[in-house]
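Asks: coords please:
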Amino acid sequence: MTDPTAPLIAILDDEPEIRRILAAALEDAGFRTTSFGRATEFEAALRRITPDACLIDLGLPDRDGLALVHRLASDSGAAIIIISGRAQVQDRVTGLELGADDYIIKPFEPAEVVARIRARLRRPAAAASTRPRTLRFAGWTADFDRYSLTDPEGTETPLSHAEAELLRIFTDNPRRLITRAQMLEALGGAAGDSFDRAMDVRISRLRTKLGEDPKNPRLIKTIYGAGYIFLAEIG
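Replies: Got it, this is the predicted structure:
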């Protein structure tokens, strides 16, 4: 019997056999799953369930998959992994730029999908017990349970899973240089132009949500050719 507290993975793909293969592999690995063949069913279900990760096919019969990924990244704290037959580099770059955490090309090995999800959701037990879930810096409050940022005036802004992961890297390492290689290792991505482009967009979005001046950021400083430094003190 699947552990009722195990992470819930939502599968959205219009091919029943792919849904079956993914669900079987994930459940064998100890995850809970719920599957949908149409975007409308999936979006309706999100009103009553909170998945930890979503596997999204781009070739949906009733909705543009990329638009759905973009909305999920803006409104949901779930990890988003695209599974698609679109193998062009530009498709991967676009998916990651719109907020996906990972991109898997069909055909795929089920074991690889399981491994990618584990990488997205991994949280070492020791760290989970000691890392605070709410942090304050420079008048801002970051709530990593609710995936939200609250500004000094009290206005709350949602964070995507990808943005929250990035902010956590910064708040775990204040006033220290963080290289691209360290980000790659921490975020479990794949090296290459698509990761670099996605990281640039992710940092830009986080800066926007923090009210940063892109020409003179106060909190996330770019050290050209080296990486980034988060300049705020953590309270």
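Asks: check which element follows the helix or strand of the chain with the lowest mean pLDDT along the chain.
Replies: For the chain, the helix or strand with the lowest mean confidence is helix 125-130, at a mean of 44 (criterion: mean pLDDT, DSSP states H and E). Proceeding C-terminally, helix 125-130 gives way to strand 134-137 as the next helix or strand, assigned by DSSP states H and E.
Asks: each with direction, which strands does the helix or strand following that next one pair with?
Replies: Later in the chain than strand 134-137, the nearest helix or strand by DSSP H and E is strand 140-143. Partner strands for strand 140-143, per DSSP bridges, with pairing direction: strand 134-137 (antiparallel), strand 148-150 (antiparallel).
Asks: what lies in contact with the helix ranked longest in the chain?
Replies: The longest helix of the chain (DSSP state H) is helix 193-209. In this structure, residues lying in contact with helix 193-209 by Cβ atoms under 8 Å, 6 or more residues apart in numbering are 89, 92-93, 96-97, 100, 103, 149, 157, 159-160, 162-163, 166-167, 180, 183-184, 189, 214, 217, 219-220, 228. Heads up, the C-betas are built off the backbone N, CA and C, glycines and all.
Asks: kindly report the same for stretch 210-219.
Replies: 137-138, 140, 149, 151, 204, 207, 220, 230-232.
Asks: kindly recompute the last result at 6 Å.
Replies: Under the criterion Cβ atoms under 6 Å, 6 or more residues apart in numbering, residues 207, 231-232 lie in contact with stretch 210-219.
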